[in-house]
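Q: Take a look and give me a structure for this.
(chains A and B)
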Amino acid sequence: MRKRLAQMHVSRYLRHEVVTLIVLTGLTVVLFLAVTVVSRIFYAQQNALAIRWSIRGNTDLNAGHYKDADAEFRAALRYSRGNFYYQLGLAQALLGQHLTSEAYSYLINLWSQKPENGLVNLELARIASGAGDTEQALRYYHNAIYANWSGDQQSQERNARLELIGYLLRIKSRAQAQSELISLEASSGDDPAVQARIGALFLEAEDYQHALEAYRSSLKVRPHDAQALAGAGAAAFELGDYLVAQRYLERAAAAAPNDAESRGRLRLTELVLQLDPFRPRIPVAQRNRNVIELFGAAGQRIQSCPAAASYVSPGNPQQDLAGAWEKLKPQITESGLRRDPDLVNTAMDLVFSVERQASEWCGTPTETDSALLLIAKLHEGN
Amino acid sequence: MGPLSNAQAETIVEDAPGSPAAPEHERTPAALLRSLFREDRFFLILSVFIGIFSGLAVVCFRFAIDWWRIYLLGSGAELSTWRLLLAPTIAGLVIAVITIHVFPLARGSGVNQTKAALYIYNGYIPFRTAIGKFLTASLAIGSGHSLGPEDPSLQIGASLASLIGRRMKLSRDRMRLIAPVGAAAGLAAAFNAPISAVLFVIEEVIGRWTAGILGSVVLSAVSSVVVMRSFLGSESLFRIPPVELRRPSELIAYAILGIVGGCASVAFASGIGALRPRFRDLPQWTQYLQPAAAGLLIGIIAVLGAPQVMGAGYEYMDEAMHGQFTWQFLAILAGLKIVATLLSFVSGTPGGMFAPTLFIGAMLGAAVGGAEHALLPHLHWSPGTYALVGMGVLFAGFLRAPMTSVFMVLEVSGNYSIIVPVIVANTFAYVISRALQPTPIFDVLTRQDGLELPSMEELREENILRVEDAMHVSSDPVLEGEERIDRAHEILKNGGYPVLLVRLKPGDWSGITREELDRLIREGKGSQSLVSVLAGHPIPCLHPDQPLDVALRYVDRWPLVPVVNRANFRKLEGAISQRDVLERYRDFGGE
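A: Take a look at the predicted model:
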């Protein structure tokens, strides 16, 4: 009897709660499948819309239509909310509109998601550099250099480093720029355009030897590249190697006749080469003529710059420069110089002193004066 | 006197009425199954299913809102003027016709309808309400009415749960609780925040904490969130920017935000409280036009340059958090959102006020932060932090759910360092709101609807009577357990006491009446000790701090109940009788 009652209880519970649970489980499965189908349709549509708007956003971003790109990326993000690349596009569009703080908030959020992303780091570095936050800018630039890039990794890294160097040069951090340039040169290969760019940056960083080498490397592949020729000429000019500079600058002027800077530098180079009385293998007569000419130019400089004329050098406290020039003038003749070759040095020392003082007080009015200063610089310490 | 053991007394206290316990001696398979499927356990299993179904319903609801938005307003970020004007207007007309003729219960607050189901309708919410809410609220929000999806989700969950409960033929007690369980599931899925949903339902709908309810509510909320996340992803509603509090002095800035937010909450709630009955009192035919007119006005606001006020506006809250608006524009948006939400809600358009509240809070928070920063440039300003705190402020001030407001911000931000500013600002907002608007908005709405539901705020703050308020500190002697019965009889007789308490060892108490002593003397037990006859019959003890309701359970069974010290059960603080309790209640009613 008890067993029978127990069986009745069991069947009652099976009929009610257990069956209920089975039905609910079955219903759950059916509803899950139904909602899965609905969600697939929903997300297919959302993805299509997201892609459509992001394509338009990218097109407008590349065309510089930042306001349109902004709206389009926002639309894309509505359908693919957390999409990293749409947010990045939106941040770039915002940057294009100079909405830096808004862009920053997107970028910093993206950075927290993917701190290894190159473009995010680069954009953050640009914002930091614009805000004058050098520490953050350097941090993000270095992150960008060693980050993951989509596409050509090497070229993106190189561009990031080039941008960093540009930034370092802007903030006058030449030593850091030079070390970055050396790293860049080591990893840049033989691409002549890149070498020329590196040369220009070395030039800007005042590392003329490396600049000349980079330009030479570029010219090996593209020997008639006017920009590289001009750069090589400028580098050689700054190094004081006027013969080499003349060679490059002549070719640069020929390749780009409108390059006024190179032509001016060439004229100055030629003047230095022409007037330098100490250049190797110069005939004695020519040297003496140059000394007389330069001594005369120094006299004119004294007349045009009274401040320099009255300067008393520590080595000759009894006389000012004008007095010294007047005193020496009678001896600076061809015969005088032939008689006493030491007068060449004495005369040229005075000429250099006059030019230095005059350039300090009165600027450099003529090409001859500029050439004289360069000659003075070239033979400093001799 | 029929004393019970402490264990038995505890059982009386703990057992909920109507929960059948399997008798100890039954060990049959039927008993085991019955034990397994005891209604309270079955209710827990059912809560999981309620959560799953609610989660699925909320997922579909979210899809529906997005679809309406794409087809009515367009898929782009910049919306055409005609769509902005026509979509909410035409949708308003359609919604009015549907709600008046097909789904009249789709109007109104889901929170209050769930409370009504709990307190009035024994858990009954027509399933038709869920369908109506789904269709009309999704259309309203998708077309740009300034309303949110959380309250409809809550009601859809409650309605689904009610349907399941009815089909399962649950007992009345369980049926009453099933709607809040579904409500928690719906709200959790809508917010993607299970803790906040559980707290809100406990704080605003059920109003009390018990393990049985909490377990079901938590299970349903968690299962609905799991389902929702499997379809919609686990991302929070917002991209949370870095949140930080640099200096403690910044708390003053957050306190100011709390004050401003409290005032804004009062303005918002007062607007709804004042306008809603006026709109409802307008001629019947205007009911067809009110949602359309509200939609048109919202469309005009959008065309004039603030399309952000349309719909729930989560994406714009996100943008506000990331500093994409000036503080002046944020303040304008907060003001316009109040206007737009007032229009939508008082016109009877179905939809919730959670999202608009968060929107207003976020905009106001970021605006106040921005203004403070403009005035005091050295003040650290993070729009995200202020927007998040602002959300909590409006939640505390407008919805008057202080606990939920704090946890909601913590759950949404996932950052516990924000807790101090949130608590400071929310406290100010809550206090100001309570002072200026004594009746919470949910209670205002229920009273306007002609219902008298218990106010959770009033319940929370109700002064309750405690045992210490009713007990008397008696000078009557206390008998020791070792006392002989004839001696005890003499004491009672000489003192004229009808009953005295007896201190047993090691801390148990009992009591004995003069009649019982007379009987024992007659039975010839006068030389025995009191403990020999009372040892198995201790009286449950009370403590001074316990609610007086607890005493009511004992005083009708024992003429005198001891009130003892919690640290020392042998130390008698007083005693309480049925008369003491009733007199105290009578006096309390007069107070």
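
Q: Can you find the helix or strand in the chain with the smallest mean pLDDT?
A: I'll assume chain A. One helix or strand of chain A scores below all others by mean pLDDT, DSSP states H and E: helix A:2-13, with a mean of 58.

Q: moving C-terminal of that one, what's the next helix or strand?
A: Next in sequence after helix A:2-13, counting helices and strands by DSSP states H and E, comes helix A:19-62.

Q: helices or strands next to that next one in the packing?
A: Helices and strands touching helix A:19-62, by 3 or more CB pairs under 8 Å, 6 or more residues apart in numbering or on different chains; DSSP states H and E, are helix A:66-79, helix A:84-96, helix B:39-73, helix B:211-232. Using the backbone N, CA and C atoms, a C-beta is placed for each residue, glycine as well.

Q: got a list of contacts for the first one?
A: Contacts of helix A:66-79 with the rest of the structure, by CB atoms under 8 Å, 6 or more residues apart in numbering or on different chains, involve A:46-47, A:49-54, A:56-58, A:60-61, A:83, A:86-87, A:89-90, A:92-97, B:75-78, B:315.

Q: Quick check: which ranges of chain A have low pLDDT?
A: A:1-15, A:309, A:313-318, A:364-365, A:380-382 (pLDDT under 70).

Q: ok, which stretches of it are strands?
A: Applying DSSP state E to chain A gives no strands.

Q: cool, and the stretch 351-500 of chain B?
A: Assigned by DSSP state E, counting those that start in this stretch, the strands in the stretch 351-500 of chain B fall at B:479-480, B:499-503.

Q: now the last one: mean pLDDT?
A: To tie it back to what came earlier, the one meant is strand B:499-503. What strand B:499-503 shows for mean pLDDT is 87.

Q: and what of stretch B:94-113?
A: On average, the pLDDT along stretch B:94-113 is 86.

Q: Between its first and last residues, how far does it reach?
A: 23 Å (CA to CA, to the nearest Å).

Q: So for that stretch, what gets flagged as buried?
A: B:94-96, B:98-99, B:103, B:105-113 (16 or more other CB atoms under 10 Å in any protein chain shown).

Q: Show me which residues of the stretch 101-250 of chain A sit near chain B.
A: Contact residues (CB under 8 Å from any CB of the partner chain) of the stretch 101-250 of chain A with chain B: A:101-102, A:105-106, A:108-109.

Q: Now, of the residues you listed, which are buried?
A: Buried among these (16+ other CB under 10 Å): A:102, A:105-106, A:108-109.

Q: what's the first-to-last distance across stretch A:220-230?
A: Start-to-end, stretch A:220-230 (CA to CA) is 14 Å.

Q: And it, what's buried?
A: A:225-230.

Q: Stretch B:385-405 now?
A: For stretch B:385-405, by 16+ other CB under 10 Å, it's B:385-405.

Q: Ok, stretch B:117-125 next?
A: B:117-119, B:123-125.

Q: Mind putting these into CSV with secondary structure?
A: Formatted as CSV, those follow (DSSP: H, G, I helix; E, B strand; the rest coil):
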residue, secondary structure
B:Ala117, helix
B:Leu118, helix
B:Tyr119, helix
B:Gly123, coil
B:Tyr124, coil
B:Ile125, coil
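
Q: Now tabulate those in a markdown table and tack on pLDDT and distance to chain A.
A: What follows is the buried residues of stretch B:117-125, written out as a markdown table (pLDDT from 0 to 100; distance: CB to the nearest CB, whole Å):
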| residue | pLDDT | distance to chain A |
| --- | --- | --- |
| B:Ala117 | 82 | 21 |
| B:Leu118 | 79 | 23 |
| B:Tyr119 | 81 | 27 |
| B:Gly123 | 83 | 17 |
| B:Tyr124 | 87 | 19 |
| B:Ile125 | 87 | 19 |
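
Q: which one of those residues is nearest B:Asp151?
A: Closest approach between the buried residues of stretch B:117-125 and B:Asp151, by CB to CB: B:Ile125, at 13.7 Å.

Q: isn't the closest one right next to B:Ile164, touching?
A: No. Contact criterion CB atoms under 8 Å: B:Ile125 and B:Ile164 do not qualify, at 11.2 Å.

Q: show me where pLDDT drops low in chain B?
A: In chain B, residues with pLDDT under 70: B:1-39, B:239, B:241-245, B:459-462, B:589-591.

Q: Would you map out the domains in it?
A: B:6-232, B:250-453, B:467-589 (automatic domain parsing).

Q: likewise chain A?
A: For chain A, automatic domain parsing gives the domain ranges A:188-275, A:284-379.

Q: ok, the nearest residue to A:Leu99 once chain neighbours are set aside - how many residues close by?
A: Computed as CB to CB, 6 or more residues apart in numbering or on different chains, the closest residue to A:Leu99 that is not its neighbour in sequence is B:Gln324, at 7.6 Å. Residues lying near B:Gln324 (other CB atoms under 10 Å in any protein chain shown) number 20.

Q: which secondary structure element contains B:Gln324?
A: According to DSSP H and E, B:Gln324 maps onto no helix or strand at all.

Q: Quick check on it: phi, psi?
A: phi -100, psi 10 (degrees, to the nearest 10).

Q: Make sure it is actually in contact with A:Glu102.
A: Yes. If you go by CB under 8 Å, B:Gln324 and A:Glu102 touch, sitting 4.4 Å apart.

Q: Skipping adjacent residues, who's closest to the residue positioned nearest the centre of chain A in space?
A: Among the residues of chain A, the one closest to the centroid is A:Gly166, at 2.5 Å (CA atoms, centre = their mean). In space, and not counting its chain neighbours, A:Gly166 is closest to A:Leu201: 7.4 Å by CB to CB, 6+ apart.

Q: what's the spacing between the one you found and A:Arg158?
A: Separation of A:Leu201 from A:Arg158 (CB to CB, to the nearest Å) stands at 12 Å.

Q: coming back round to it: so of the buried residues of stretch B:94-113, which ones are in helices?
A: B:94-96, B:98-99, B:110-113 (DSSP state H).

Q: Please produce CSV containing those residues, extended by distance to chain A.
A: Formatted as CSV, these follow (distance: CB to the nearest CB, whole Å):
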residue, distance to chain A
B:Val94, 22
B:Ile95, 23
B:Ala96, 28
B:Ile98, 22
B:Thr99, 25
B:Gly110, 21
B:Val111, 26
B:Asn112, 28
B:Gln113, 24
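
Q: closest to B:Ser196 among these?
A: Among those, and counting by CB to CB, the member closest to B:Ser196 is B:Val111, at 13.7 Å.

Q: returning to that earlier point: in CSV: the domains of chain B, plus distance to A:Gln195.
A: Below are those laid out as CSV (distance: least, CB to CB, whole Å):
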stretch, distance to A:Gln195
domain B:6-232, 45
domain B:250-453, 42
domain B:467-589, 87
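
Q: can you tell which of those domains is closest to A:Trp325?
A: Nearest of the domains of chain B (CB to CB): domain B:250-453, 62.0 Å.

Q: What is the neighbour count of the closest residue to B:Arg566 other than its chain neighbours?
A: The shortest distance from B:Arg566 to any non-neighbouring residue, by CB to CB, 6+ apart, is to B:His543 (5.1 Å). Using other CB under 10 Å, B:His543 has 16 neighbouring residues.

Q: My read is that B:His543 contacts B:Phe569, right?
A: No. Look at B:His543 against B:Phe569 with CB under 8 Å: they stay out of range, at 9.5 Å.

Q: ok, back up a step: Throw the helices and strands packed on helix A:19-62 into JSON lines and include mean neighbour count, thanks.
A: As requested, the helices and strands packed on helix A:19-62 are arranged in JSON lines below (neighbours: other CB atoms under 10 Å in any protein chain shown):
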{"stretch": "helix A:66-79", "mean neighbour count": "22"}
{"stretch": "helix A:84-96", "mean neighbour count": "22"}
{"stretch": "helix B:39-73", "mean neighbour count": "23"}
{"stretch": "helix B:211-232", "mean neighbour count": "22"}
